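Novice: sequence? don't have it. structure:
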């Protein structure tokens with residue numbers, strides 16, 4: 001009898017399918033999708049989340065009892081071109097044509113109540129323009145969208161099909177409202193689920209670090225791409241290594257198309273003994289927790305997962321004041337140090353300001369930012385997501 005009741009409850013749950021094919025395993029949106037689905041299946045009695053494994057991108061993901069996957073096929077992930085504008089567009093075209101009719105068939109067969117779209121959003125948007133599905137669209141605006149003519153037109157044509165538009169920051173929401181593509185009442189801020197305290201505490205206990213890594217130094221984390229702007233750190237360190245930062249070493253965690261370029265830059269500046277590219281690490285929390293300073297040099301973010309992860313791990317934070325996220329996360333500078341975006345002079349000044357700050361000032365900054373980032377927990381994300389979906393349904 002109990003098993004029958006349990007099965008009935010499962011059948012009554014509303015299904016949320018997640019769509020977000022990616023080609024770069026290190027992209028932050030991948031973590032947002034995984035954690036969002038996890039939060040729903042972990043905390044909800046009303047919803048069930050399923051991640052669509054469109055092209056095999058989730059095949060090597062570590063098994064998680066709170067996450068369910070549904071394979072769309074075909075498995076072309078490993079063969080896709082990677083890195084750079086042209087290659088990324090070629091990958092997009094392959095994914096589009098390989099998945100278009102398969103996604104249509106899946107929606108008609110499984111009849112999910114909602115489809116949450118993150119990446120390669122044009123595919124489901126076009127599908128929903130062409131066909132009348134009962135499934136409701138939830139659109140999470142990812143990254144820093146380039147609102148060119150084609151994208152703007154597609155968003156306008158599909159706007160009446162979308163129930164919710166989710167932004168990651170208030171700044172992003174305000175910009176989207178100014179563009180007048182979607183009805184303002186459909187647009188809300190939904191903070192991504194970045195951390196679980198239980199997982200962080202578990203990962204902090206691990207002590208097998210990279211052999212080059214020394215504790216209480218400077219850490220940077222991210223894909224080795226133009227967006228992350230690691231060149232700024234390298235160029236600044238060249239000038240500060242024998243002065244303000246003479247007692248520090250720099251560790252950069254991540255992989256990407258600029259690996260060789262950054263290696264050469266480090267070698268040319270004779271910094272190979274104090275700046276280390278350690279590659280990608282599965283457990284980043286232990287590196288955050290044993291570092292003294294975390295620095296983010298990005299040209300843009302959405303909102304900057306690494307800031308949240310470093311804050312929860314008790315790092316002092318220095319960040320570029322880029323769009324969109326750092327100023328909001330760091331409470332306008334009361335939770336960390338902000339320097340002018342891509343300005344090496346401002347960056348050096350902030351480094352000096354940090355070094356001249358006393359322990360009480362640094363401690364208060366850590367307290368301020370920790371209070372502010374509680375909204376990025378898995379539980380807070382689920383509760384807000386449920387509230388926003390319910391709010392829009394009541395308006396309909």
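Specialist: Looks like it arrived, so ask away. All of these numbers come straight from a predicted model, not from anything done at the bench.
Novice: and residue 97, how many residues sit next to it?
Specialist: By other C-beta atoms under 10 Å, 10 other residues sit near residue 97. The C-beta positions use only the backbone N, C-alpha and C, and glycine is treated the same way.
Novice: Same check on residue 303?
Specialist: Residue 303: 25 neighbours (other C-beta under 10 Å).
Novice: same question, residue 198
Specialist: 9.
Novice: quick one: the strands in this protein?
Specialist: Ranges of strands in the chain, per DSSP state E, are 14-19, 47-53, 69-71, 114-117, 136-140, 162-167, 187-189, 218-221, 250-253, 275-279, 293-296, 316-320, 337-339.
Novice: I'd like to know which of these lies nearest to residue 87.
Specialist: strand 275-279 (20.8 Å; C-beta to C-beta).
Novice: what sits up against the closest one?
Specialist: 210, 212-213, 224, 233-234, 237, 249-255, 259, 262-263, 266 (C-beta atoms under 8 Å, 6 or more residues apart in numbering).
Novice: Format the strands of the chain as JSON lines; extra columns: mean pLDDT.
Specialist: Converted to JSON lines, these look like this (pLDDT from 0 to 100):
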{"stretch": "strand 14-19", "mean pLDDT": "98"}
{"stretch": "strand 47-53", "mean pLDDT": "97"}
{"stretch": "strand 69-71", "mean pLDDT": "95"}
{"stretch": "strand 114-117", "mean pLDDT": "98"}
{"stretch": "strand 136-140", "mean pLDDT": "97"}
{"stretch": "strand 162-167", "mean pLDDT": "96"}
{"stretch": "strand 187-189", "mean pLDDT": "96"}
{"stretch": "strand 218-221", "mean pLDDT": "98"}
{"stretch": "strand 250-253", "mean pLDDT": "98"}
{"stretch": "strand 275-279", "mean pLDDT": "97"}
{"stretch": "strand 293-296", "mean pLDDT": "98"}
{"stretch": "strand 316-320", "mean pLDDT": "98"}
{"stretch": "strand 337-339", "mean pLDDT": "98"}
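Novice: Tabulate those (JSON lines), appending distance to residue 146 and mean neighbour count.
Specialist: Formatted as JSON lines, the strands of the chain follow (distance: least, C-beta to C-beta, whole Å; neighbours: other C-beta atoms under 10 Å):
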{"stretch": "strand 14-19", "distance to residue 146": "20", "mean neighbour count": "22"}
{"stretch": "strand 47-53", "distance to residue 146": "25", "mean neighbour count": "22"}
{"stretch": "strand 69-71", "distance to residue 146": "30", "mean neighbour count": "15"}
{"stretch": "strand 114-117", "distance to residue 146": "17", "mean neighbour count": "23"}
{"stretch": "strand 136-140", "distance to residue 146": "16", "mean neighbour count": "23"}
{"stretch": "strand 162-167", "distance to residue 146": "16", "mean neighbour count": "22"}
{"stretch": "strand 187-189", "distance to residue 146": "18", "mean neighbour count": "18"}
{"stretch": "strand 218-221", "distance to residue 146": "25", "mean neighbour count": "24"}
{"stretch": "strand 250-253", "distance to residue 146": "27", "mean neighbour count": "22"}
{"stretch": "strand 275-279", "distance to residue 146": "29", "mean neighbour count": "19"}
{"stretch": "strand 293-296", "distance to residue 146": "22", "mean neighbour count": "25"}
{"stretch": "strand 316-320", "distance to residue 146": "20", "mean neighbour count": "25"}
{"stretch": "strand 337-339", "distance to residue 146": "25", "mean neighbour count": "22"}
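Novice: Can you say which of these is nearest to residue 327?
Specialist: Nearest of these (C-beta to C-beta): strand 337-339, 6.4 Å.
Novice: Can you give me the neighbour number for residue 67?
Specialist: 21.
Novice: okay, now residue 350: neighbour count?
Specialist: 22.
Novice: check contacts around it.
Specialist: 318, 337, 338, 339.
Novice: Can you pick out the most distant pair from those residues?
Specialist: 318 and 338 (8.1 Å).
Novice: Determine the longest helix present in the protein.
Specialist: Determined from DSSP state H, the single longest helix within the chain is helix 85-110.
Novice: which helices and strands sit right next to that one?
Specialist: Secondary-structure packing of helix 85-110 (3 or more C-beta pairs under 8 Å, 6 or more residues apart in numbering; DSSP states H and E): strand 14-19, helix 122-130.
Novice: Mind putting the ones you listed into a markdown table with distance to residue 350?
Specialist: Below are those laid out as a markdown table (distance: least, C-beta to C-beta, whole Å):
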| stretch | distance to residue 350 |
| --- | --- |
| strand 14-19 | 38 |
| helix 122-130 | 39 |
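Novice: Would you quantify the distance from residue 369 to residue 159?
Specialist: Relative to residue 159, residue 369 is positioned 36 Å away (C-beta to C-beta, to the nearest Å).
Novice: When those two are compared, which one has more neighbours?
Specialist: A direct count of neighbours by other C-beta under 10 Å for residue 369 and residue 159 places residue 369 higher, at 23 against 16.
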